[in-house]
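Trainee: What would the 3D arrangement of this be:
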Amino acid sequence: MTATDLILLRNAQVYAPAPLGTCEVLLGGGRILWLGRDALELPGALAVRTLDLQGQRLIPGLVDGHVHVTGGGGEAGFRSRVPPQALSRFTRAGVTTVVGLLGTDDVVRTPRELLAQVHALREEGLSAYAYVGGYHLPPATLTGSVRGDLVLIEPLIGVGEVAISDHRSSQPGFDELMRVAADAHVAGLMTGKAGILHLHLGDGARGLDFVRRALAETELPARTFQPTHVNRRKALFDEALELARQGVHIDVTAFPVDEGEDAWDAVAAFLRYQASGAPAERLSISSDAGGSLPCFDGDGCVVSMEVGESGALLATLRGLLAQGVPLEQALPPFTSNPARLLRLAGKGHIAVGADADLVALDAAGNAQLVIARGAIHLQDGRVCRHGWFEAR
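Mentor: Model prediction:
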């Protein structure tokens, strides 16, 4: 099936993310054409593929706002560079929109490579965007400036992931970081793009001090700053909660957390965020898919490494449901919240005119049907659309 084909979904329990009850949904041209509770009667001459979801929950496709689409890593030598992520690694996880970025390695991993991989994922049917730069300042760019990249190159929507409070960062000064944030903000005004500064937070004691200073000492809006990995230390998460109350959108990473570790896993972070009373719309959860998750010794050397997976998002969603969180409350950090911050108008919700990015969940919370830009990628839990180099 292609995005131009008509698809009618029957007997779907729609969460938009708000619960809409049992509905029928008509898709065509990559968009949602019709949504309603009444049975839709279409002319017999019209070629429509009908899928009966038999009461499965239909949710918006997940928006993963932090993905190393070219692969991350490299902190333990060239052999530790993570390979690029294949299409079905995302779609099997219910992810239909990704934002790619560079991390520690913004020398061998280049902006050109990142942009090429974004275009490749688009050609394969995913919605893909990217950030300018990487961990270090001055940012790696294509045109020679942050504003030039954001204004002239359509898939680029912000700057990131710029590292602060981390031994792998370029140890930027406050003024240097604010100049990059200002360029991102102004480019966003010029283009209608997100124009945000996506900040990698390390374990350093300075934590979110630069962001607090930015709110107090500059005229930049709070939404300009999106710190990520804020659940990697419990004290850092408390800092992030206070900033969320001041208008900053914070991003939790769905990484594994060992028992007794000074960190919150994504489920615990969500529950603490919810209990804090901070605005619900200022929280997102991303996977760090394709990125390395290294552990360092006291000398800054890697002693072990794992790799982020987009599947961590659905696993986190299942964990929230197991904790009794209603689906309509659990969904926004994976769907409507990041879509709103990133100014991706057709993403993150189910409504007439929205993009046809949809996921049907079975009773256990696993993806059974995934539709991205109106085309079926996963059906009955099996991949039916592969990337160019994936084994069939």
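
Trainee: need the contact list for the residue nearest to residue 211 when sequence neighbours are not counted.
Mentor: Closest residue to residue 211 apart from its sequence neighbours, by Cβ to Cβ, 6 or more residues apart in numbering: residue 225 at 5.0 Å. Heads up, the C-betas are built off the backbone N, CA and C, glycines and all. The contact partners of residue 225, by Cβ atoms under 8 Å, 6 or more residues apart in numbering, come to 181, 196-197, 199, 211, 214, 243, 248-249.

Trainee: Recalculate using a threshold of 10 Å.
Mentor: 177, 181, 184-185, 196-199, 208, 210-212, 214-215, 243, 247-250 (Cβ atoms under 10 Å, 6 or more residues apart in numbering).

Trainee: low pLDDT regions in the chain?
Mentor: 1-4, 73-75, 292-297, 302-307 (pLDDT under 70).

Trainee: residues touching the closest residue in space to residue 273 that isn't next to it in sequence, list them.
Mentor: Among residues not flanking residue 273 along the chain, residue 283 sits closest, at 5.2 Å (Cβ to Cβ, 6+ apart). Contact analysis of residue 283 by Cβ under 10 Å, 6+ apart lists 230, 240-241, 244, 249-252, 269-270, 273-274, 332-333, 337-338.

Trainee: at 7 Å instead, please
Mentor: 244, 250, 252, 273, 333, 337 (Cβ atoms under 7 Å, 6 or more residues apart in numbering).

Trainee: Just to check, residue 182 is in contact with residue 220?
Mentor: Yes - counting by Cβ atoms under 7 Å, residue 220 is a contact partner of residue 182 at 6.4 Å.

Trainee: related to what we said a few turns ago, can you list which of the contacts of residue 225 are found in helices?
Mentor: 177, 181, 184-185, 210-212, 214-215, 243 (DSSP state H).

Trainee: three-state assignment of residue 317?
Mentor: The local conformation at residue 317, judged by DSSP: H, G, I helix; E, B strand; the rest coil, is helix.

Trainee: What residues are bridge-paired with residue 99?
Mentor: Beta-bridge partners recorded for residue 99 (DSSP bridges): residue 129.

Trainee: Surely it is in contact with residue 126?
Mentor: No - in this structure, residue 99 is not within contact of residue 126 by Cβ under 7 Å, at 11.3 Å.

Trainee: quick revisit: can you select the buried ones among the contacts of residue 225 for me in PyMOL?
Mentor: To isolate the buried subset of the contacts of residue 225 in PyMOL, counting by 16 or more other Cβ atoms under 10 Å, use the following:
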select buried, resi 177+181+184+185+196+197+198+199+208+210+211+212+214+215+243+248+249+250
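
Trainee: Which one's more surrounded, residue 99 and residue 126?
Mentor: residue 99 (27 against 24; other Cβ atoms under 10 Å).
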